[in-house]
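In: Model the structure of this input:
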Amino acid sequence: MAAIPSTTPHSLLLQNTPQNHAFLKPNSTSFTLTNQTPARPFSISCSATIPIQDRPSFQTQPQDRLFNFAAGPATLPENVLLKAQSDLYNWHGSGMSVMEMSHRGKDFRSIIEKAEVDLRALLNIPENYAVLFLQGGATTQFAAVPLNLCRPDDTVDYLVTGSWGDKAFKEAQKYCKPKVIWSGKSEKYVRVPSFDGLEHSPNAKYLHICANETIYGVEFKDYPVSSNPNGVLVADMSSNFCSKPVDVTKFGLIYAGAQKNVGPAGVCIVIVRKDLIGNAQEVTPVMLDYKIHAENNSLYNTPPCFGIYMCGLVFEDLLKHGGLEEVEKKNKNKAGILYNAIDESKGFYRCPVEKPVRSLMNVPFTLEKSELEAEFLKEAAKEKMVELKGHRSVGGMRASIYNAMPLAGVENLVAFMKDFQARHA
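Out: Predicted structure coming up:
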């Protein structure tokens, strides 16, 4: 095993976190608690212990930080958290927190405008696309997309590679005439089909895909094209948004919940070609009308201000670390380490997804002995690795290794998996 460094990627937080919540008032140096119970005398006894042999030495974590493999809300970059912590009480000398600002004021306008500028830089978004910071999560876009892009009698196509694509299709049935041109449901969503054999609807207004299925771990590595010359490609990119470079011009619309890779829960980002805006169905609620939000620069009503601020910090951080090309390299490396451990376990662990379309973000796997799953989760939690239980609809395990998951987290998980196998195979 490679030598373990004395510090971990998480150690910065422990070193920089002021004690006693003094970060709430940066100028504070002390505080007093009243009515405290006097300390009682106590004693400590020690007993000899026998060291456990042949067990891996996991990289240690600061006491208050875990390796969080949750599918979303998910782990955020620690330097982003620390930056938000330092600015929480008094943002840039404004005398108030971002959470207290008027969304109409110049301070918050500077925050949302910079967030858009940085996101455009990250994804190289052309000027003929609008960027909207909305509420309601990606699930709300299951309705907003058909309401804005087609009429009630229009046909639209859905390519379904997992639960989220299926839910998007079902919601669209209320507002237009969607058709599933392919579904992997009968195979338990383990692959993406060949695009050549798809039977597109000739007049489909759009073709919808879920670029990365969070539950099943299936990710598009390339993208289909609508057979209708006037049709557009629409993608739910919630769980792989900003995890790699994307040619935005291949899409008419991209939407993504922020809580996987770029921020906390509560923000949904929509990137939509401007010529597609302004044709919403008459029944479209005002809060789902892209034209309303585009004309008001995402400030038609009070937006999720703090969430947008956090997204902006993440965008800035991604740019400082080399942009999405560098992010993709790191994500491929992390995913490769984990998938190799699964594939080399001689069947003790198994990932059901076909190798060419395995997700870099969400890695589902099962144990050969399913009765060991509870013990696996329990022991992993003791090693400060949490949220590894698979989605309730499929079971097994799932490790979500988004941008902010440090390499040490994946290496610790792999070391634990090998040790668990050695003791239970």
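In: Next, give phi and psi for residue 412.
Out: The phi/psi pair for residue 412 (degrees, to the nearest 10) reads phi -60, psi -40.
In: That one against residue 386, yeah?
Out: No: the pair residue 412 and residue 386 fails to qualify as a contact (C-beta atoms under 8 Å) at a distance of 11.8 Å. Glycine gets a C-beta too; all of them are placed from N, C-alpha and C.
In: what is in contact with those two at once?
Out: In the contact map built from C-beta atoms under 8 Å, 6 or more residues apart in numbering, the residues linked to both residue 412 and residue 386 are residue 67.
In: more neighbours, these two?
Out: Using other C-beta atoms under 10 Å as the criterion, residue 412 and residue 386 rank with residue 412 on top: 23 against 14.
In: what about the most centrally placed residue in the chain, distance to residue 402?
Out: Within the chain, the residue whose C-alpha comes closest to the C-alpha centroid is residue 260; the distance, by C-alpha atoms, centre = their mean, is 1.3 Å. Applying C-beta to C-beta, to the nearest Å, one obtains 6 Å for the distance of residue 260 from residue 402.
In: these two touch, right, residue 204 and residue 179?
Out: Yes: judged on C-beta under 8 Å, residue 204 makes contact with residue 179 at a distance of 7.5 Å.
In: Report how many residues lie close to residue 294.
Out: A total of 18 residues lie near residue 294 under the criterion other C-beta under 10 Å.
In: how about it, secondary structure?
Out: For residue 294, the reduced secondary structure class is helix; criterion used: DSSP: H, G, I helix; E, B strand; the rest coil.
In: Leaving out chain neighbours, which residue sits closest to it?
Out: Taking C-beta to C-beta, 6 or more residues apart in numbering as the measure, residue 294 lies nearest to residue 130, with 4.6 Å between them; neighbours along the chain are not counted.
In: Residue 120 now?
Out: Excluding its sequence neighbours, the residue lying closest to residue 120 (C-beta to C-beta, 6+ apart) is residue 131, at 6.6 Å.
In: One more: residue 201?
Out: Spatially, and ignoring its direct neighbours in sequence, residue 201 is nearest to residue 155 (4.6 Å; C-beta to C-beta, 6+ apart).
In: swap in residue 184?
Out: For residue 184, the nearest residue in space outside its immediate sequence neighbours is residue 161; the separation is 5.3 Å by C-beta to C-beta, 6+ apart.
In: Likewise for residue 265?
Out: Distances taken as C-beta to C-beta, 6+ apart place residue 259 nearest to residue 265, at 4.0 Å, with adjacent residues excluded.
In: I'd guessed that neighbour sits against residue 269; true?
Out: No: assessed by C-beta under 8 Å, residue 259 is found out of contact with residue 269, at 11.0 Å.
In: higher neighbour count, the two?
Out: Each of residue 259 and residue 269 has its neighbours counted (other C-beta under 10 Å); residue 269 has more, 27 against 24.
In: Who does that one form a beta bridge with?
Out: Per DSSP bridges, residues listed as beta-bridge partners of residue 269: residue 133, residue 256.
In: Unless I'm misreading it, it sits right up against residue 119, doesn't it?
Out: Yes: using C-beta under 8 Å as the test, residue 269 is close enough to residue 119 to be in contact (7.4 Å).
In: Show me the common contact partners of the two, please.
Out: Counting by C-beta under 8 Å, 6+ apart, the common neighbours of residue 269 and residue 119 are 131, 311.
In: pLDDT averaged over stretch 148-163 - what is it?
Out: The average pLDDT within stretch 148-163 is 98.
In: Now that stretch: buried residues?
Out: For stretch 148-163, a neighbour-count test (16 or more other C-beta atoms under 10 Å) marks 148-150, 154-163 as buried.
In: helix/strand/coil for the residue nearest to the centre of the chain?
Out: Going by three-state DSSP, the secondary structure assigned to residue 260 is coil.
In: For residue 297, see how far away it is.
Out: Relative to residue 297, and taking C-beta to C-beta, residue 260 is found at 25 Å.
In: And for residue 329?
Out: Going from residue 329 to residue 297 by C-beta to C-beta gives 34 Å.
In: Name the residue in the two with the higher neighbour count.
Out: In this comparison of residue 329 against residue 297, neighbours counted by other C-beta under 10 Å, the higher total goes to residue 297 at 16 against 12.
In: tell me the phi and psi of the residue nearest to residue 184?
Out: Recorded main-chain torsions at residue 161 are phi -110, psi 10, according to degrees, to the nearest 10.
In: shouldn't it be in contact with residue 192?
Out: Yes: Residue 161 is within contact range of residue 192, at 5.6 Å (criterion: C-beta under 8 Å).
In: what touches both of those two?
Out: Both residue 161 and residue 192 are in contact with 184, 218, 220, where contact means C-beta under 8 Å, 6+ apart.
In: so where's the stretch 151-300 of the chain uncertain?
Out: Across the stretch 151-300 of the chain, nothing is flagged by pLDDT under 70.
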